[in-house]
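>>> need the 3D shape of this:
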Amino acid sequence: MSETAQETSSRYVHDIVPQLNSGDVLSHDEYLRRYEAAPEKLKAERINGRVYLMNALRATTHGDPHSILNFWLSTYAMHAPNLVVSDNATVFLGSDHEPQPDLCMRQQVGGSTHLNHEGYLVGPPELIVEIAGSSASYDFGEKREVYEAAGVGEYLIFETLEGRIEWWHHDGNQFIAAPRDADVFKGVTFPGLWLDGDAFRAGDRFRLTETLQRGIQSV
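Here you go, the predicted model:
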């Protein structure tokens, strides 16, 4: 008995979305297509057209300091209704960059970012915060260069292995070191945004808040 292969109208092949992998070099549209089809727990970003997937994160070296910095920024934003703090939001910075910073703070009105029709941030936020462990060379190197070129207002990195804090603000041409008084770092774009480095490393939210309140009152 002979059998004849039957054509079907199945769209199976066309509906398959390739898996997102570290090292993929993708266009903006293809990156978003694969990212939106990926599991919800996946964290990824695209810098200079290349995809980076994030590893599992420890509480001690990422989750805990992330929470404290979120608390610190949110406390400051309470005093300025025009400010919004976003946690792990993808930001569109030109055609080749979609970073997903740990935290960012932006001005809702009169700022350098806006929300597109899908709810993504477009344009450089006034402040980006990254927590760097194994990704330190990337956060201090390639990603810093992208943020600088895009005109991000301020960039704060906490390097967890050595407890190093670096904070830069954009002077219109490049990043320069933000002012500091001993181990108290002081924002420029957001006057009164003071970070007590010792209190932060110790996880002392009370002292962290005291220093921040002094900064707010100094304005």
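>>> a helix runs through Arg214, doesn't it?
Yes - applying DSSP: H, G, I helix; E, B strand; the rest coil, one finds Arg214 inside a helix.
>>> which residues touch it?
Going by C-beta atoms under 8 Å, 6 or more residues apart in numbering, Arg214 touches Trp194. All C-beta spots, glycine's among them, are computed from the backbone N, C-alpha and C.
>>> centre-most residue in the chain?
Taking C-alpha atoms, centre = their mean as the criterion, Pro101 is the residue nearest the geometric centre of the chain, at 1.1 Å.
>>> identify the residue nearest that one in space, chain neighbours excluded?
Across the structure, with C-beta to C-beta, 6 or more residues apart in numbering as the measure, the residue nearest Pro101 apart from its sequence neighbours is Ile128 (4.6 Å).
>>> point out where the chain drops to low pLDDT.
Regions of the chain meeting the criterion pLDDT under 70 cover residues 1-15, 134-135.
>>> rerun that using 90 as the cut-off
With pLDDT under 90 as the threshold, the chain has low-confidence stretches at 1-24, 32, 35-45, 47, 51-62, 81, 94-95, 132-142, 160-162.
>>> can you show me the strands along it?
Here the chain has its strands, by DSSP state E, at 44-47, 50-53, 83-87, 91-92, 103-107, 114-115, 121-122, 127-132, 154-159, 164-170, 175-177, 180-181, 184-186, 194-196.
>>> what's the third one in contact with?
Spelled out, it's strand 83-87. The contact list for strand 83-87, computed with C-beta under 8 Å, 6+ apart, reads 70, 73-74, 76-77, 102-108, 121, 125, 190.
>>> identify the farthest-apart pair in those residues.
Taking C-beta to C-beta as the measure, those span a maximum distance of 20.3 Å, between Asp102 and Gln108.
>>> neighbour-wise, which of those two wins?
Asp102 (23 against 13; other C-beta atoms under 10 Å).
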